[in-house]
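> below: sequence and its predicted model.
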Amino acid sequence: AQSVAQPEDQVNVAEGNPLTVKCTYSVSGNPYLFWYVQYPNRGLQFLLKYITGDNLVKGSYGFEAEFNKSQTSFHLKKPSALVSDSALYFCAVRPGSARQLTFGSGTQLTVLP
Amino acid sequence: GAGVSQSPSNKVTEKGKDVELRCDPISGHTALYWYRQRLGQGLEFLIYFQGNSAPDKSGLPSDRFSAERTGESVSTLTIQRTQQEDSAVYLCASTRETANYGYTFGSGTRLTVV
C-alpha cells in the first residue's frame, strides 16, 4: 500500500527567506505526486504535480518541487517566502494503478513578518 | 458550475441522528471522491465514483456510512446514527477521468455531532 510522510508538523520561516516543506513517499511502481495547500476554512487547492518528465516541477504562486526517485522524496520549495504563504500544506501520492490519492498528515507553514 | 459545490457548509446534529451531505461536482468531471478530515489530521479517503462503474467503497469506516451518485452528477454522503467521532470536515473532490489532472476540492462540510 502507498503512504506519504510529512515529517514536520510545523515549519516556521522568516519572510523573504527560502522555504522547504518535506515529503517522502512509499509506493509500488511509478508515483504520481501532488502538493495541495489549504487556507483556513477553505478547501484544498492544487499547487503542482509530478507525473513524468523533468524532476523539477513548477507550480502556482512561485512554488516548485523536486522529485528525487532515489530518496523517494518530493519536497516543496519556494525561493522567497511571503506572509500570505502561511497555510497548511499537504503532499499526496497516487500509484499508477490506483485512482485515489493518499495524503500526508499535513505541514503547517508559518511565515513570520 | 465553476467549482465543486458542497452543502451545507456547516451542520450541527445530535448524536444518533442521520445526516446527508451533498456534493455538486464540476461539469464534465467523471470522477468524484469523498474524503474526511478530522481536526488536526490529514485527509482520509472514504469513497470514489467513476462514471457508471461500481464505486470504490474501501475507505468507508463503517456500515453507517453510504454514498450515492447517479451518473456524473450530484453525490450524497449519508451518515446514519451519527456518533461524536464522526465530527469532521467532509471534503468532496472531482476530476477528469485521469487523475493526472489533480483534484478540484469543494470547501467542505463541517459536521459537528453533539
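Alright, I've got the coordinates. Residues are numbered from 1 along each chain as shown, chains lettered A, B, ... in the order given.

> residue ranges in chain B under the pLDDT threshold?
Under the criterion pLDDT under 70, the flagged ranges of chain B are B:1, B:97-101.

> could you pull out the helices for it?
Ranges of helices in chain B, per DSSP state H: none exist.

> from B:Asn10, how far out is the residue most central in space within it?
In chain B, the centroid-proximal residue (CA atoms, centre = their mean) is B:Trp34; its distance is 3.3 Å. According to CB to CB, to the nearest Å, B:Trp34 and B:Asn10 sit 17 Å apart. (Glycine included, C-beta is placed from N, CA and C.)

> and if you look at A:Pro31?
Counting by CB to CB - A:Pro31 and B:Asn10 are separated by 36 Å.

> so between the two, which is more surrounded?
More neighbours surround A:Pro31 than the other of A:Pro31 and B:Asn10, with 21 against 11 (other CB atoms under 10 Å in any protein chain shown).

> would you mind naming what in chain B lies close to chain A?
Within chain B, the positions near chain A by CB under 8 Å from any CB of the partner chain are B:4, B:31, B:33, B:35, B:41-43, B:45, B:48, B:50, B:56, B:59, B:91, B:93, B:99-100, B:102-108.

> mind checking which of those residues are in strands?
B:Ala31, B:Tyr33, B:Tyr35, B:Leu43, B:Phe45, B:Tyr48, B:Gln50, B:Leu91, B:Ala93, B:Thr104, B:Phe105 (DSSP state E).

> a strand runs through A:Val13, doesn't it?
Yes - assignment of A:Val13 by DSSP: H, G, I helix; E, B strand; the rest coil places it within a strand.

> and the helix or strand containing A:Val111, what's buried?
Per DSSP states H and E, A:Val111 falls inside strand A:107-112. Under the neighbour-count criterion of 16 or more other CB atoms under 10 Å in any protein chain shown, strand A:107-112 has A:Thr107, A:Gln108, A:Leu109, A:Val111 buried.

> and what of stretch A:82-100?
For stretch A:82-100, by 16+ other CB under 10 Å, it's A:85-95, A:98-100.

> what about that stretch, start to end distance?
Taking CA to CA, to the nearest Å, stretch A:82-100 runs 32 Å from one end to the other.

> distance between it and the chain's centre?
How far stretch A:82-100 lies from its chain's middle: 5 Å, per CA atoms, centre = their mean, to the nearest Å.

> just stretch B:107-114 next, same as before
Using CA atoms, centre = their mean, the offset of stretch B:107-114 from its chain centre is 11 Å.

> contacting residues around that stretch?
Contact with stretch B:107-114 is made by A:41-43, B:6-15, B:19, B:21, B:37, B:79, B:82-84, B:86-92, as judged by CB atoms under 8 Å, 6 or more residues apart in numbering or on different chains.

> now do 6 Å
Contact with stretch B:107-114 is made by A:43, B:6, B:8, B:10-13, B:15, B:21, B:82, B:84, B:86-87, B:89-91, as judged by CB atoms under 6 Å, 6 or more residues apart in numbering or on different chains.

> just the buried ones out of these, please.
A:Gly43, B:Gln6, B:Lys11, B:Thr13, B:Leu21, B:Thr82, B:Asp86, B:Ser87, B:Val89, B:Tyr90, B:Leu91.
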